[in-house]
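J.: show me how the following folds:
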Amino acid sequence: PFQSRTRPARWGGQQGRMAGLGTDSVGMLDFEQGMLDFEQGPVLTPLEQEPLFRRRPRRRPLLAVRWGTRLFGATALVGSALGVAFWSQQYQQGHGGSPAVVSGEFADLSALSREVLLSNGSHVAEAAVSSWDLASVPRRCGGSWSRELPAENEVLQSAIDARQHRMVTLAGGLQALLTFDPSSKYAAAAVDVGAGSADDPREFQGLAHFLEHMLFLGSEKYPDEDGYNKFLAEHGGSSNAYTADEHTNFFFKVGAAGLPEALDRFAQFFSAPLLSQGSASREARAVDSEYRKNLNSDGWRFQQLLQSSCSGRADHFGVGSIETLRNGSAETVAALREFYAMHYVPENMRLSVLGAQPLDQLEALVRQAFENVTHDAMQPRPVAPDPAAPPGSCAGGHVYIVDPVGDLQTLSLAWPTRELRSAAAQQSRILRVFSFALSGYYEGSLYSELKRRGWATGVDFGPQLSFVDMTLLTLEVSLTDEGLDAIGDVVDVALR
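T.: Numbering: from 1, shown residues only. Have a look, this model is predicted:
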């Protein structure tokens, strides 16, 4: 959605590229070569133009630094941060304040990571840096990860949960979780589909989001475009949906007595939607309005910037616009139906229903409403078996200087790493360990050090992008005015 312009820049004697996106609101430095001799120490080359950080911008910038050194599981998370960094002390002393960037590809940095992590005396960190075998990481309360994953259709229930639950598999293969709550005045249901904007065809960006909108606009059994929402409103309910990178979620609530018909109307989304040409052109404009609203959101702009800098599934434009959806043309509708047939299948969906009816009645309602949700099975997405991001994903060597819409002063450092969606990764607490070490409110954390120097008001660490085969982790620092002026030193402290 952005128009690019380029002009030459010089970096360490190597030709680079500075491209402005939109109206010069975002700048990117793309370096063809960076240098770091790991044994000899960093080799620094000054920027051969006016120093970037000596100029006061019109608005406070949001700065993102990203590198592409391949992470060796958790073992090199901290060590790989040395892949691209601003070494402020050396460039200030040796180059009169001109910033420099260094980058390099490392071998295993587990020893360095262990030294950094163990400075906090964490036995969890010690186990984590020795191996990516997550089963060997101690549990938070001691012991090991001895519990088996729940069996199919088994529900793990809290001892203080008075409701009744049941997992069932419907005739077409759709799995459903049923919850009986006799005290509830409302009923509710949700369907999650294991496909999202990262699955969009390259020629129809925003198609998954567009399909989310279109499913609300009538079905063969209930053709009225507004019938679903009218029924819910008349029975004290409401509905909504959202499209994420790799899944799409639909949900509603309704007065308890209205559940049977609401569930039947809802089920038509996943068995016989109209997806009509007449609705498509109008709804494409609604999607475009949503896209244009997002242009004033700094969070959305920064997220889109990171995604566009990556390769593979991460590089996508998920919202869509009137241009990418081709005004809801016949070709778009054909692609919409093909996408629906491929991804909206029972094996790729999960259903959850809560009601005041006993479980046997709820199961009967669900089986009747969803009896026509039957499609051919799709192939499951493979999960990356190696403890690293796929080669080339979110490759590093880039610095982005963003002119925000609002009043923001933020530094973001980003690493590509392995997927964190698998069961083994979710049982690990390694990210919590890193988050505590970096952003914890205790003496010795990165946050406390930056706050002591008057450079930061907050530090956050966690996944920014999360996909089935890779994750982009970010360390985000909320800067004070003094921290913005000393941005190189902030990066140096963050990575030291």
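J.: can you give me the strands in this structure?
T.: Assigned by DSSP state E, the strands in the chain fall at 4-11, 14-21, 26-30, 62-66, 164-169, 175-180, 186-193, 238-243, 248-255, 349-355, 398-402, 410-417, 456-466, 471-479.
J.: want to throw those into a markdown table with mean neighbour count?
T.: For glycine as for every other residue, the C-beta is placed from the backbone atoms N, C-alpha and C. Formatted as a markdown table, these follow (neighbours: other CB atoms under 10 Å):
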| stretch | mean neighbour count |
| --- | --- |
| strand 4-11 | 13 |
| strand 14-21 | 16 |
| strand 26-30 | 19 |
| strand 62-66 | 24 |
| strand 164-169 | 15 |
| strand 175-180 | 20 |
| strand 186-193 | 22 |
| strand 238-243 | 16 |
| strand 248-255 | 21 |
| strand 349-355 | 22 |
| strand 398-402 | 21 |
| strand 410-417 | 24 |
| strand 456-466 | 18 |
| strand 471-479 | 22 |
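J.: right, and those strands - which one's nearest D315?
T.: Closest of the strands of the chain to D315 is strand 456-466, at 10.3 Å (criterion: CB to CB).
J.: quick one: strands adjacent to that closest one?
T.: Strands that pair with strand 456-466, judged by DSSP bridges, come out as strand 471-479 (antiparallel).
J.: export the strand it pairs with as CSV, just CAs?
T.: Extracted in CSV, the C-alpha atoms of strand 471-479 (Å, rounded to 0.1, in the frame of the first residue of the first chain):
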residue,chain,number,x,y,z
THR,A,471,8.5,-15.8,15.6
LEU,A,472,9.7,-12.2,15.7
LEU,A,473,10.7,-11.2,19.2
THR,A,474,10.9,-7.5,20.1
LEU,A,475,12.5,-5.6,23.0
GLU,A,476,10.7,-2.3,23.2
VAL,A,477,12.0,0.7,25.3
SER,A,478,9.8,3.7,26.0
LEU,A,479,12.3,6.6,25.8
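J.: let me know the angle separating that strand from strand 410-417.
T.: 160 degrees (axes from the mean of the first three to the mean of the last three CA atoms, to 10 degrees).
J.: ok, and what's touching strand 471-479?
T.: 60, 77, 306, 310, 314, 389, 394, 409-421, 431, 438, 450, 455-466, 483, 487, 490, 494 (CB atoms under 8 Å, 6 or more residues apart in numbering).
J.: give me that answer again for 7 Å
T.: 306, 394, 409-420, 438, 450, 455-465, 490, 494 (CB atoms under 7 Å, 6 or more residues apart in numbering).
J.: just the mean pLDDT for that strand, thanks.
T.: When pLDDT is averaged over strand 471-479, the result is 94.
J.: ok, Q164 - contacts?
T.: Counting by CB under 7 Å, 6+ apart, Q164 makes contact with 180, 359.
J.: and the strands of the chain as TSV, adding distance to I322?
T.: Output for the strands of the chain, formatted as TSV (distance: least, CB to CB, whole Å):
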stretch	distance to I322
strand 4-11	20
strand 14-21	20
strand 26-30	22
strand 62-66	28
strand 164-169	41
strand 175-180	37
strand 186-193	24
strand 238-243	17
strand 248-255	21
strand 349-355	29
strand 398-402	25
strand 410-417	31
strand 456-466	26
strand 471-479	29
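J.: now the longest helix anywhere in the chain - C-alpha only, CSV.
T.: The longest helix of the chain (DSSP state H) is helix 277-294. Presented in CSV, the C-alpha positions along helix 277-294 are these (Å, rounded to 0.1, in the frame of the first residue of the first chain):
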residue,chain,number,x,y,z
GLN,A,277,-21.3,-10.6,-6.2
GLY,A,278,-23.8,-7.9,-5.3
SER,A,279,-22.5,-7.8,-1.7
ALA,A,280,-18.9,-8.0,-2.6
SER,A,281,-18.4,-4.6,-4.2
ARG,A,282,-20.1,-2.8,-1.3
GLU,A,283,-18.2,-4.8,1.3
ALA,A,284,-14.9,-4.2,-0.4
ARG,A,285,-15.5,-0.5,0.3
ALA,A,286,-16.1,-1.2,4.0
VAL,A,287,-12.8,-3.1,4.2
ASP,A,288,-11.1,-0.2,2.5
SER,A,289,-12.5,2.2,5.1
GLU,A,290,-11.1,0.0,7.8
TYR,A,291,-7.7,0.1,6.1
ARG,A,292,-7.7,3.9,5.8
LYS,A,293,-8.7,4.3,9.5
ASN,A,294,-5.6,2.2,10.4
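J.: per-residue pLDDT, V116?
T.: 38.
J.: now do the buried residues in the longest helix of the chain.
T.: Of the residues in helix 277-294, 279-281, 283-284, 287-288, 291 count as buried by neighbour count, 16 or more other CB atoms under 10 Å.
J.: likewise stretch 318-335?
T.: Under 16+ other CB under 10 Å, the buried positions of stretch 318-335 are 318-322, 324-326, 328, 332-333, 335.
J.: and for that stretch, what's in contact with it?
T.: So stretch 318-335 is contacted by 1, 197, 201, 204-207, 209-210, 243, 245, 275, 277, 280-281, 283-285, 287-288, 290-291, 294, 317 (CB under 7 Å, 6+ apart).
J.: which regions of the stretch 251-400 of the chain sit below the pLDDT cut-off?
T.: Under the criterion pLDDT under 70, the flagged ranges of the stretch 251-400 of the chain are 375-388, 395.
J.: apply 90 and report the result again.
T.: Residues of the stretch 251-400 of the chain meeting the criterion pLDDT under 90: 306-314, 374-400.
J.: ranges for the helices of it?
T.: Using DSSP state H, counting those that start in this stretch, the helices of the stretch 251-400 of the chain run over 259-267, 277-294, 298-308, 330-343, 359-369.
J.: can I get the first one in PDB, CA atoms only?
T.: As requested, C-alpha coordinates have been extracted for helix 259-267 and formatted as PDB (Å, rounded to 0.1, in the frame of the first residue of the first chain):
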ATOM      1  CA  LEU A 259     -29.500 -19.900  21.600                       C
ATOM      2  CA  PRO A 260     -31.100 -22.600  19.300                       C
ATOM      3  CA  GLU A 261     -32.000 -20.200  16.500                       C
ATOM      4  CA  ALA A 262     -28.900 -18.100  16.900                       C
ATOM      5  CA  LEU A 263     -26.700 -21.200  16.700                       C
ATOM      6  CA  ASP A 264     -28.500 -22.400  13.600                       C
ATOM      7  CA  ARG A 265     -28.000 -19.000  11.900                       C
ATOM      8  CA  PHE A 266     -24.400 -19.000  13.000                       C
ATOM      9  CA  ALA A 267     -23.700 -22.500  11.600                       C
END
